[in-house]
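Enquirer: only geometry, no sequence info:
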């Protein structure tokens with residue numbers, strides 16, 4: 001059973017202040033239980049609605065905790081999700097000001113963008129394939145609002161799954177005919193390989209992650225719609241981003257996404 005609305009608001013306010021001030025806060029597990037995922041999503045949604053009232057436009061969703069090793073580490077056995085806003089998006093080759101972030105880390109991912117709604121009662125794999133307009137190499141810049149990334153599952157869910165910013169690659173591709181499971185990923189920082197993986201490191205296939213998300217959001221009454229962008233989960237370990245760093249992610253069949261971080 002979720003905690004009271006007053007407790008939800010108290011936890012949401014702590015995270016809101018941290019995000020607005022770019023000053024990290026203490027974990028919220030002194031307010032809600034560390035494993036209370038239902039309450040954590042209520043905290044997340046409280047702040048999402050606050051952002052919408054402030055004029056931000058939702059552009060899609062991100063999926064986290066897609067790797068089995070990370071699930072085991074967190075003591076959970078399903079992914080989580082967060083909300084993406086349009087002003088989080090950067091294009092290939094952009095420079096991101098570090099002043100927008102607290103303590104960012106970078107992940108290489110496959111993003112899909114829908115051109116049809118996914119509002120069926122039970123969304124399946126082929127539904128997602130038919131609804132996808134294109135896939136594209138992407139970089140997610142995750143940014144935890146909690147001090148020193150000191151998180152448990154409820155902390156990260158409440159913190160909008162550590163959604164920070166995201167970068168779209170240079171070469172969107174049609175999804176049919178590609179092999180998103182076996183595509184290799186290489187992430188370089190300043191020319192040095194810092195993370196590797198494959199498409200099947202995200203729940204066995206990135207589309208499996210999107211199916212989970214579509215079903216979850218349908219149950220919540222907020223189904224995925226045409227135009228939504230979906231970050232389908234990290235394909236390798238995340239890497240710290242430092243001022244002056246340049247990252248380049250190459251995903252086989254989907255090309256390159258690159259981004260640099262300014263010194264201010």
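Expert: Sure, I can see it. Because the structure is predicted, anything quoted here is derived from the model rather than measured.
Enquirer: quick one: residue 262 and residue 100 touch, right?
Expert: No: look at residue 262 against residue 100 with CB atoms under 8 Å: they stay out of range, at 9.5 Å. Yep, even glycine has a C-beta here, placed from its N, CA and C like the rest.
Enquirer: which of those two has more residues huddled nearby?
Expert: Counting neighbours by other CB atoms under 10 Å for residue 262 and for residue 100 shows that residue 100 has the greater number, 16 against 13.
Enquirer: quickly note the distance from the nearest residue to that one once chain neighbours are set aside to residue 98.
Expert: Of all residues beyond its chain neighbours, the one nearest residue 100 is residue 165 (7.0 Å), with distances taken as CB to CB, 6 or more residues apart in numbering. Taking CB to CB, to the nearest Å as the measure, residue 165 falls 11 Å from residue 98.
Enquirer: list the buried residues for stretch 12-30?
Expert: For stretch 12-30, the buried set under the neighbour-count rule, 16 or more other CB atoms under 10 Å, comprises 12-16, 18-19, 24-25, 27-29.
Enquirer: closest one to residue 236 out of these, please.
Expert: Distance to residue 236 across the buried residues of stretch 12-30 (CB to CB) is lowest for residue 24, with 25.0 Å.
Enquirer: for that closest one, which non-adjacent residue is closest in space?
Expert: Taking CB to CB, 6+ apart as the measure, residue 24 lies nearest to residue 147, with 4.3 Å between them; neighbours along the chain are not counted.
Enquirer: return the distance of the host helix or strand of the residue nearest to residue 100 from the chain's centre.
Expert: Per DSSP states H and E: residue 165 is located in strand 163-168. The chain centre lies 8 Å from the centre of strand 163-168; the measure is CA atoms, centre = their mean, to the nearest Å.
Enquirer: what about residue 173, neighbour count?
Expert: The number of residues packed near residue 173 is 17, by other CB under 10 Å.
Enquirer: let me fix that: residue 152
Expert: For residue 152, the number of neighbouring residues by other CB under 10 Å comes to 18.
Enquirer: returning to that earlier point: out of the buried residues of stretch 12-30, which one sits closest to residue 53?
Expert: Using CB to CB, the shortest approach to residue 53 within the buried residues of stretch 12-30 belongs to residue 16, at 12.1 Å.
Enquirer: the closest one against residue 50, yeah?
Expert: Yes: with contact defined as CB under 8 Å, residue 16 and residue 50 form a contacting pair (6.6 Å).
Enquirer: quick one, phi psi at the residue nearest to the spatial centre of the chain?
Expert: The residue lying closest to the centre of the chain (CA atoms, centre = their mean) is residue 62, at 3.2 Å. The phi and psi values for residue 62, taken as degrees, to the nearest 10, are phi -120, psi 150.
Enquirer: chain neighbours aside, what residue packs nearest to it?
Expert: With CB to CB, 6+ apart as the criterion, residue 62 has its nearest non-adjacent residue at 4.1 Å, and that residue is residue 231.
Enquirer: quick one: the one you found from residue 190, how far?
Expert: When distance is defined by CB to CB, residue 231 is 23 Å away from residue 190.
Enquirer: tell me which of these two has more neighbours.
Expert: Neighbour totals were compared for residue 231 and residue 190, and residue 231 leads with 31 against 12 (other CB under 10 Å).
Enquirer: please identify the helix or strand for the more buried one.
Expert: strand 229-234.
Enquirer: now do that strand: distance to the chain's middle.
Expert: Taking CA atoms, centre = their mean, one finds strand 229-234 lying 6 Å from the centre of the chain it belongs to.
Enquirer: cool, stretch 35-54 as well?
Expert: Shown here is stretch 35-54, whose average C-alpha point lies 15 Å from the average C-alpha point of the whole chain (CA atoms, centre = their mean).
Enquirer: so how many other residues sit close to the residue nearest to residue 224 when sequence neighbours are not counted?
Expert: For residue 224, the nearest residue in space outside its immediate sequence neighbours is residue 118; the separation is 4.2 Å by CB to CB, 6+ apart. The burial metric for residue 118, expressed as a neighbour count using other CB under 10 Å, is 24.
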